[in-house]
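**Student:** can't give you the sequence, but here's the structure:
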């Protein structure tokens, strides 16, 4: 059976676990006497083999406040690990990433609160998530979570970060807790039509997102608030297709590509100077993609697709148009002959005629008809960047070829 | 005053009249003993100098029927004039055109009926029109008709033929009879908004055309049924502009042209083998123009304008597009992810993806994306023709330059 095969690949062995425990031992020593806890998928037992970060949270009394976390707490942590290979990272507030034997350990300062709904910063809720999940999942349940995570990774809808706008680990755990197992989740998802409500607890707020899973530890929060409709739809379709024809392809998609350039494809290669946090950069990239698409349409281009990919420094935006040649002039539709505005129209326009429908028409010059210029003008990055752009002729770039193919390999 | 100036040009002199009378004398002799009458603008005294045909109608008892008119009557007429320079022409039924001293005389066989509403063929109504007009117009009124005719000719809305779809001579006469004079017609026309009803007599039918002038001699007929909305609108706008700023330009427009080719302009030059009647050819040309425009739009082109001009043998169709390059592929919008039709869509399409809105999309190849081919395929001429076509680069052809300019010279 496919799922058992997949589990053989993704379920960590005792050895994997020991390797991570060894790394954790080092961290535990360093955080001696602090109020710390291991959180995340490793703690919950839902992590994938060779595919996990370790989250270690260090708690401080809630009265110390956010400021304290960001300065004093952070400095204390840094002082304890500064001889190790570490970097600073920023989410809602800063945290430390330590790299030991190629295992990434995130050390996150948080406030100790009484319950999930009392969280002051987003991370304060985490220990309650950990408790909820560990108390609701048995060993088999953990494997079901692993299958669901790998499935979602395979079809590209896993990851709460802005770049993906997909499902968080916690969301996959709640789905398994609610529906019981991987297959059952797919069966239900294949029938989804938004708005979709999955209520392990009664919501304490009216949510407007397409997928609503009120957080059992804080029911005024929707766990899947940031999951895009695109990802919900993709998951639903993939579920339907998997159930009809289960295949390893969904979990580990192959690399089918396409070489044929259909329409006119503009490639924008962005190189960002400064290092910013991924969510900040990708928030701006997503906004740029939307702005580019909207602007091009407004200027009269027929847009097939605009997508972005890359990391935090090197980003590619691909713009696919039916044609880049929309012409310098366009038909301008004016008022009916009996309208009070015809004199104004005639005064302001050139190449005016009366149409068969009794309307005035004119030819107008486009303010802008170069798609490359429009695309570049609508990139809204707040950091400095270099840009290189060209119209695609042919390519051997795997990512571009994937963009050209579009069809997910698990679909067809 | 402009109008007096124009009248000096267009009002026939006694000499003009004598010249035509001399020609008519020849015809009268030939039609000796037949029941004939001079009709048309010459008879009504509303003809324009150096711009008239002479209509001579030969009447037969209504009992002889249409067949008789088309054979026996026509043959009799031909026998009487066959030594002159003549040709045969066809409207609803055949008639004879005789050319004497460069004056064209149309000799039309018709049936003698008791009243206009008893007309069997369209021409049987003519003597009643003549009587109605001559009994309702005085000398000044005739000049007012002349001004209106010349004005309509100048702005291109005069002529009942299909090629123009404009106002007939009879329609201009009725307008003057109804409103009193040229200026008054313009004042009213400048305020028109269709449907426009001008009732010298109560209509005996419900008409659906934009301009409704029930025929005083046959009120179940709309005199202006064939006037296009475009011509009504053009006349209304021209009236408004003339009243604000009277100018000879409206009566005798100058030749302002434009050389700049805006957008992509396809020129189709048609050469018709056989000689057909103008209305038949232009009916087919008008239909072709509409079909070309509709087809191009349907295939995804943005059409600025399609126009045709020429005579009965050499016709030019000009197709102006925003761009001739719309690309070989187009964005195909599919169903929402929860729709029952997604499997069918996925099976039938390639390059499929899920959009941000939860819909499936795909890229499709256009069945046809060459505007020249589409245009040629949609010409519906029933006679044989040769065609030459090319994309306009630059031109010195006056008609094409007029097409490029569009704006009537009297407007701006």
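**Tutor:** Structure received. What you see is a predicted model; the values in this text were computed from it and never measured.
**Student:** what's downstream of the least confident helix or strand in chain A by mean pLDDT, the next helix or strand?
**Tutor:** One helix or strand of chain A scores below all others by mean pLDDT, DSSP states H and E: helix A:65-68, with a mean of 88. Using DSSP states H and E, the helix or strand that follows helix A:65-68 towards the C-terminus is helix A:74-81.
**Student:** And that following helix, what's buried?
**Tutor:** Across helix A:74-81, burial judged by 16 or more other CB atoms under 10 Å in any protein chain shown covers A:74, A:77, A:80-81. Yep, even glycine has a C-beta here, placed from its N, CA and C like the rest.
**Student:** same check, this time on stretch A:145-165
**Tutor:** A:145-160, A:162-165.
**Student:** ditto for stretch A:291-300
**Tutor:** Buried residues in stretch A:291-300 (16+ other CB under 10 Å): A:291-293, A:295-296, A:299.
**Student:** Likewise for stretch A:388-408?
**Tutor:** So for stretch A:388-408, counting by 16+ other CB under 10 Å, buried means A:392, A:395, A:400-408.
**Student:** The residues you listed: which ones sit near chain B?
**Tutor:** Contacts with chain B within those, counted by CB under 8 Å from any CB of the partner chain: A:404-408.
**Student:** Need the contact partners of the longest helix seen in chain A.
**Tutor:** Longest helix in chain A, counting residues (DSSP state H): helix A:278-298. By CB atoms under 8 Å, 6 or more residues apart in numbering or on different chains, the residues outside helix A:278-298 that reach it are A:90-91, A:161-163, A:165, A:272, A:303, A:306-308, A:311-312, A:315, A:317, A:319, A:321, A:371, A:374-375, A:377-383.
**Student:** Just the ones of the residues you listed in helices?
**Tutor:** A:371, A:374-375, A:377.
**Student:** Neighbour-wise, which one of those leads?
**Tutor:** Within the ones in helices among the contacts of helix A:278-298, neighbour counts (other CB atoms under 10 Å in any protein chain shown) peak at residue A:375, which reaches 25 neighbours.
**Student:** Give me every residue in the stretch 51-200 of chain A lying close to chain B.
**Tutor:** Taking CB under 8 Å from any CB as the contact definition, the stretch 51-200 of chain A meets chain B at A:191-194.
**Student:** picking that back up, how about a markdown table for the buried residues of helix A:74-81, with pLDDT added?
**Tutor:** Below are the buried residues of helix A:74-81 laid out as a markdown table (pLDDT from 0 to 100):
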| residue | pLDDT |
| --- | --- |
| A:74 | 93 |
| A:77 | 95 |
| A:80 | 96 |
| A:81 | 95 |
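**Student:** Just give me the closest of those residues to residue A:57.
**Tutor:** residue A:77 (10.9 Å; CB to CB).
**Student:** wait, doesn't residue A:400 sit right on residue A:317?
**Tutor:** No: with contacts counted by CB atoms under 8 Å, residue A:400 stays clear of residue A:317, the gap being 11.3 Å.
**Student:** Mutual contacts of the two, please.
**Tutor:** By CB under 8 Å, 6+ apart, residue A:400 and residue A:317 have these common neighbours: residue A:267.
**Student:** can you tell me the residue of the stretch 51-200 of chain A closest to chain B?
**Tutor:** In the stretch 51-200 of chain A, the residue that lies nearest chain B is residue A:193 (3.9 Å; CB to the nearest CB).
**Student:** SS state for that residue?
**Tutor:** Of the three states, residue A:193 takes coil under DSSP: H, G, I helix; E, B strand; the rest coil.
**Student:** Distance-wise, check it relative to residue B:183.
**Tutor:** 68 Å (CB to CB, to the nearest Å).
**Student:** Go through the ones in helices among the contacts of helix A:278-298 and name the one nearest chain B.
**Tutor:** Nearest to chain B among these, with distances taken as CB to the nearest CB, is residue A:371, at 12.1 Å.
**Student:** Which residue is the nearest non-sequential neighbour of the closest one?
**Tutor:** Nearest non-adjacent residue to residue A:371, counting by CB to CB, 6 or more residues apart in numbering or on different chains: residue A:324, 5.0 Å away.
**Student:** Kindly report the same for residue A:320.
**Tutor:** residue A:304 (4.2 Å).
**Student:** Run through the residues that contact that neighbour.
**Tutor:** A:262-263, A:320-322, B:329-331, B:363.
**Student:** which parts of stretch A:117-129 are buried?
**Tutor:** A:119, A:121, A:123-129.
**Student:** that older thread, now the ones next to chain B among the buried residues of stretch A:388-408 as TSV including secondary structure and pLDDT?
**Tutor:** Converted to TSV, these look like this (DSSP: H, G, I helix; E, B strand; the rest coil; pLDDT from 0 to 100):
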residue	secondary structure	pLDDT
A:404	helix	96
A:405	helix	96
A:406	coil	96
A:407	coil	96
A:408	coil	96
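**Student:** can these go into CSV with extra columns for distance to residue B:13?
**Tutor:** Below are those laid out as CSV (distance: CB to CB, whole Å):
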residue, distance to residue B:13
A:404, 78
A:405, 81
A:406, 78
A:407, 81
A:408, 86
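**Student:** surely residue A:395 meets residue A:401?
**Tutor:** Yes: proximity of residue A:395 to residue A:401 meets the contact threshold set by CB under 8 Å, at 6.2 Å.
**Student:** which non-adjacent residue is nearest the residue in chain A sticking out farthest from the centre?
**Tutor:** Among residues of chain A, the one most distant from the C-alpha centroid is residue A:338; the distance is 53.6 Å, by CA atoms, centre = their mean. Distance criterion CB to CB, 6+ apart; nearest residue to residue A:338, sequence neighbours excluded, is residue B:193 at 3.9 Å.
**Student:** Would you check that residue A:40 makes contact with residue A:55?
**Tutor:** Yes: the criterion here is CB under 8 Å, and residue A:40 meets it with residue A:55 at 3.4 Å.
**Student:** which residues are in contact with both of those two?
**Tutor:** In contact with both residue A:40 and residue A:55: A:106, A:126, using CB under 8 Å, 6+ apart.
**Student:** could you pull out the strands for the stretch 251-400 of chain A?
**Tutor:** Along the stretch 251-400 of chain A, counting by DSSP state E, counting those that start in this stretch, strands occupy A:264-272, A:303-310, A:314-321, A:329-336, A:352-354, A:359-365, A:385-391.
**Student:** for the stretch 1-150 of chain A, same thing?
**Tutor:** A:35-39, A:54-61, A:85-90, A:94-100, A:103-112.
**Student:** which stretch in those strands is the model least sure about?
**Tutor:** If the strands of the stretch 1-150 of chain A are sorted by mean pLDDT, strand A:85-90 sits at the bottom with a mean of 90.
**Student:** hang on, the earlier thing: from the contacts of helix A:278-298, which would you call buried?
**Tutor:** A:162-163, A:165, A:272, A:303, A:306, A:308, A:312, A:315, A:317, A:319, A:321, A:371, A:374-375, A:378-379, A:381.
**Student:** before we move on, the earlier item: mind giving me JSON lines with the strands of the stretch 251-400 of chain A and columns for mean pLDDT?
**Tutor:** Listed next are the strands of the stretch 251-400 of chain A as JSON lines, based on pLDDT from 0 to 100:
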{"stretch": "strand A:264-272", "mean pLDDT": "97"}
{"stretch": "strand A:303-310", "mean pLDDT": "98"}
{"stretch": "strand A:314-321", "mean pLDDT": "98"}
{"stretch": "strand A:329-336", "mean pLDDT": "98"}
{"stretch": "strand A:352-354", "mean pLDDT": "98"}
{"stretch": "strand A:359-365", "mean pLDDT": "98"}
{"stretch": "strand A:385-391", "mean pLDDT": "97"}
